[in-house]
Structure formats: structure tokens, C-alpha cells
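In: With the sequence up front, the predicted model follows.
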Amino acid sequence: MDRSPRPCHRCGRVLPLRDDHCRRCVLFLSETQYDLDGVALAGGDQLWFGGPFAPHLRVDHDRAGEPDGLYGWRRLQAKRRAAIQTSRAARLVSPHLALPGQLDLFPLARDWSRVDDRRLPALTPSAQEVLDGFVAHIRERGWRRRALSTSIRTLRVLVAHLGAEAPLREEDVRLLARRHDFNGARVVNYLRVTGRLLPDRRSDAASARARRLADTAPQPFRAAVHRWIDVLSGQASRPSVPLAPTTVCAYVRRVSPCLRAWYEAGIGDLRAVTGEHVREALKALKGEEAKALATPLRSLFRALKREKLIFRDPTRSIVLSGSRKLPVPLLDDHLHGVLDQLPGTRNQLSFVLAAVHALSTHDQRGLLLDDVDRSQGRLTVRRPGRLHHTVYLDDVTFRLLTRWLTERHRRWPTTTSPHLLVTARTATDDSHPQVNPQAITKTLRRLGLQITRLRVDRILDEAKHTRDPLHLIRLFGLSPITAMKYLRAAHPSGTRPDPISE
């Protein structure tokens, strides 16, 4: 309340004002905003008894410290609620509801930028049921409804205009969520769990670029390149571990110039490519550039041979000579006091898993709650395509793991994520994604550390105290070739060359 008297913008009296109105006008406008009983007089106001005490009366009363509306807590809340219910009852149901099996005449994205969420059509019974189910879902998970009001608003706009008879398109949810005060992440998760979501058929950007590069390849090679992409993505006739879409795109991008050069040289079928053609393509490159092209070419012909599209692999006899970089340990004082400098139990646990047990970022992201056996003091690391690796926990790791499980349950008691390491975003995501790699590495990078360097330093330190490669294989789950690499770095003068790997 401004105590300095000024002219009221409504009645003109010189009194202390609030929002440029005196106390009488503030209450009058507040009470007659929803005038159902005709209390607003034409050309005048109702009588107000207050006299000289009016400026000292309280007008900014609120409930639980939360003001309701422009003029505080209104005395006529019953009128306001009745006016809102009357307004909603007068709304018409949207005539443009999506129906099951309805096909698009033109597959165009809807424009949600001009939708007025303040004047929504009335909800059908099925749409109201979906919205009530979402609110109940929020309460069951222990989330605050007020904090998720943007998600509720998003779903209300969608079902008001499209209905709930047909599945809602994921594209519509994401386009609507781009607006201010809208959020679509939890809406997408809820619709997916309840089977009401039509997933977006479009692939991610990297996969789309790879397919476009395959379409621009010479005509005789296009089908083979698309089949190669299927193999790399794990969608071929035989199951395989899929690569990251960015890796697939990089492979196709590096091979595309070579394929065009072969086509211009008169090669019209990949079955006609020989080892000499591959060597000619690699001859103009040196060092890492040659290796960067040889790797995707070897992947291409291996995939085609596995799919029985070619008879022989021309890259099988190709060997590139190059220098191998040996692992380098960290400085002796580089890890001193790092554990005390890391904020948060999760960051400390990630540091110990890398510095003591040599677990990579990929290993830590894949850890599940079912992999933890605290009664036996063991942790199982699942590695696709390889045997599971068992980690025996020391006292420090066991204490940090127990603290993290306690904190995880305290912060997100209703989360259904099966992963051991979670963040505020992944713990509340019903699609159960893995934690982002940045969540593990970001804090360590601020201290000048990397998960990969910590892992290398730990394995190399253990290799200095043994010459047995089986010990490294059992302790860290390494492959024989990797174990020998660390032994050569730790004992350069006492390790003989391996005739198989060399």
C-alpha cells in the first residue's frame, strides 16, 4: 500500500492508493469483476463505511502467503467460482477432434503458435478422463501439481482441440511445448505409458543425414549402402549391436567420396571391387586420415559379406602400419584431495568407480539397481556382447554407494528408473533413459580430470605391480589384447611382442 495520497484513477479522490486505486475502488472492482447478482450500479457505487479509518484497513490479505489475483484474496470467491463454471459450461466442444483411423489429406505439421489457451473448447468425457488420469499419475508419483502446471496445461490444450479418441501425435506435443509456459516431456511419457501416443516416425538428425548420403550415392551402390546402414543400426536380417547414429553418419560420409571415385572409374558393382582398388584409395592418404577411411571401408565390406551381397571381402588383406600410443600415467599429486573437492555423493561415487575400479563412462551409465549386491559387496557391470564383469567393492566405494542409494531414495522416493545413477531429469522420466554423459564428466572436468584418464591410470598402476595379463583381465574385465598393451607400457623392456596381435 502506497501511503502517499494521490488522486484515484477511478473516483478521483486523493487517498493512499494501491494499483492506482483507492481502497473503496479496489474492493468494488474486486467484488464486481464477476457480477452475477447485479450489485454493480449503473452510474454509481455501493455505499462504503470506513471514513478516516479506510486507509488503515488491510486489503492485501492472502492465504498461505500466496496472493490470488491482481487485488489479493477476493471476498466473493463463491461468485468467482460460479462465474468460471458458468463460462466453462457455455463452451462448445471442438468440431475438429481427431478420429481413430482418420488419415491426413496433407501430412503437414499443425501450427500451435496461435492457439489461445484461455478460451479452450469444452472437454469430451474421454478427454476429461485422460486429463484426470494424468493428474492422478502426478499425485501417485509424489510430484507437486503446481510445479507441473505447465505439463497439465499442455495436455489440456491437446485433448481440448484433438480429443482423446485417437492417439495423440508426439510431434504435436513437442510443437506445443515450444510455447512459453508449456512443457511436453512428462506428457509424452504419460501418453506413451498409457498407449495413447503415436510416436514420431522421423529418425534423429544423424540417421537422417546418413540416409540422405546413401540416396546421393551412385545408383548401383545405393541399395548396398542402405543395407550397410541397417547392419550398423542393428536392423538387418541378423541381430547385431547397433552403433551410435553419429558414428554411422560419419562412416557413410567418409566412404561416399570413395564410392563416387570408383563409379567414375567404371566400377558398377561393389562385387567388382578388389584389394588393389582399396589400396589405391588409401595410397593418397597418410596416418590417421588413412585409418579413418580404412575403418569404414572394412565395416562396409564386412557387413555386405555377412548379408551375402558380395562373395569376398577386399579389405581383409589390407594392413596399415602406424605407431601405437602407449598409456601414460597421471602425475603423482594430481589425484591428491580430489574426493574432498567433489560436490555431491553421485560425483564422488563416479570418481571412485573410475579411479579405483577403472569403470568407463559407458559402464557407469549402464549400471542398474539390480546389479548392486550389498550383502556380498559386489557390483555387476553389464557389457553388451561380452561377459559380465564383477567388481568387488572396497570400504570407500561401499560407503559412497550406500550414501548414494539413501540420497537417491530420499530425493526421488517414487522413481521407477532401474538405473543406479540418475539425475533430476532421468529420475522423473517414465521412459527410463540413461544418465547423460555430461552429468558424470562435467564436474571432473572442472578439476582438470577425465574419466578415461582415471581409468588408464588405474590399470597402468596395477600393471606395474604384475606381469600376469590374466590378473588384469580378471580385475578389470579387459580383453587379452588390451591387457598386453598395458603390460608393454608398464614393462617395456620385459615384454615380448605378441606374434598374433602384431
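Out: Happy to help now that I have it.
In: how many neighbours does the nearest residue to His491 once chain neighbours are set aside have?
Out: Distances taken as C-beta to C-beta, 6 or more residues apart in numbering place Arg467 nearest to His491, at 6.2 Å, with adjacent residues excluded. (Each C-beta comes from the backbone N, C-alpha and C, glycine too.) Arg467 has 12 neighbours, counted by other C-beta atoms under 10 Å.
In: ditto for Ala82
Out: Neighbourhood size, Ala82 [other C-beta under 10 Å]: 13.
In: can you tell me the helix or strand for it?
Out: Per DSSP states H and E: Ala82 is located in helix 77-89.
In: Need the contact partners of the very next helix or strand once past that helix.
Out: Moving toward the C-terminus from helix 77-89, the next helix or strand (DSSP H and E) is helix 125-140. With contact meaning C-beta atoms under 8 Å, 6 or more residues apart in numbering, helix 125-140 is reached by 123, 145, 148, 151-152, 155-156, 159-160, 163-165, 187, 190, 194, 196, 414.
In: mind redoing it with 7 Å?
Out: 123, 145, 148, 152, 155-156, 159-160, 163-165, 190, 196 (C-beta atoms under 7 Å, 6 or more residues apart in numbering).
In: buried stuff in stretch 394-404?
Out: 397, 400-401, 404 (16 or more other C-beta atoms under 10 Å).
In: next one: stretch 399-418
Out: 400-401, 404-405, 408, 412, 415, 417.
In: and the residues you listed as TSV, adding secondary structure?
Out: Converted to TSV, the buried residues of stretch 399-418 look like this (DSSP: H, G, I helix; E, B strand; the rest coil):
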residue	secondary structure
Leu400	helix
Leu401	helix
Trp404	helix
Leu405	helix
Arg408	helix
Trp412	coil
Thr415	coil
Ser417	coil
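In: I'd like the residues you listed laid out as JSON lines, including pLDDT.
Out: Supplementary listing: the buried residues of stretch 399-418 in JSON lines, determined by pLDDT from 0 to 100:
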{"residue": "Leu400", "pLDDT": "92"}
{"residue": "Leu401", "pLDDT": "92"}
{"residue": "Trp404", "pLDDT": "93"}
{"residue": "Leu405", "pLDDT": "92"}
{"residue": "Arg408", "pLDDT": "91"}
{"residue": "Trp412", "pLDDT": "86"}
{"residue": "Thr415", "pLDDT": "83"}
{"residue": "Ser417", "pLDDT": "87"}
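In: any low-confidence regions in the stretch 101-250 of the chain?
Out: Scanning the stretch 101-250 of the chain for pLDDT under 70 picks out 201-204.
In: can you give me the strands in it?
Out: Ranges of strands in the stretch 101-250 of the chain, per DSSP state E, counting those that start in this stretch, are 168-169, 197-198.
In: Show me what the last one is packed up against.
Out: Put plainly, it is strand 197-198. Applying 3 or more C-beta pairs under 7 Å, 6 or more residues apart in numbering; DSSP states H and E, one finds that strand 197-198 makes contact with strand 168-169.
In: who does the strand it packs on pair up with?
Out: Sheet pairing here is set by DSSP bridges, and for strand 168-169 it gives strand 197-198 (parallel).
In: Any chance you could list what contacts stretch 409-427?
Out: The contact list for stretch 409-427, computed with C-beta under 7 Å, 6+ apart, reads 141-142, 346, 364-365, 367-372, 408, 428, 430, 432-435, 439.
In: If any of the residues you listed are buried, put those into a PyMOL selection.
Out: A single PyMOL command suffices to select whichever of these are buried according to 16+ other C-beta under 10 Å:
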select buried, resi 141+346+364+365+367+371+372+408+428+430+434+435+439
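In: All the helices of the stretch 401-502 of the chain, residue numbers only.
Out: For the stretch 401-502 of the chain, applying DSSP state H, counting those that start in this stretch gives helices covering 424-427, 437-446, 451-463, 469-476, 480-490.
In: okay, now the domains of this structure?
Out: For the chain, automatic domain parsing gives the domain ranges 2-88, 125-198, 205-306, 338-490.
In: can I get those in a markdown table with distance to Ala109?
Out: Below are those laid out as a markdown table (distance: least, C-beta to C-beta, whole Å):
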| stretch | distance to Ala109 |
| --- | --- |
| domain 2-88 | 29 |
| domain 125-198 | 6 |
| domain 205-306 | 16 |
| domain 338-490 | 23 |
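In: nearest to Arg312, of those?
Out: domain 205-306 (7.2 Å; C-beta to C-beta).
In: From one end of that closest one to the other, what's the distance?
Out: Using C-alpha to C-alpha, to the nearest Å, one end of domain 205-306 lies 27 Å from the other.
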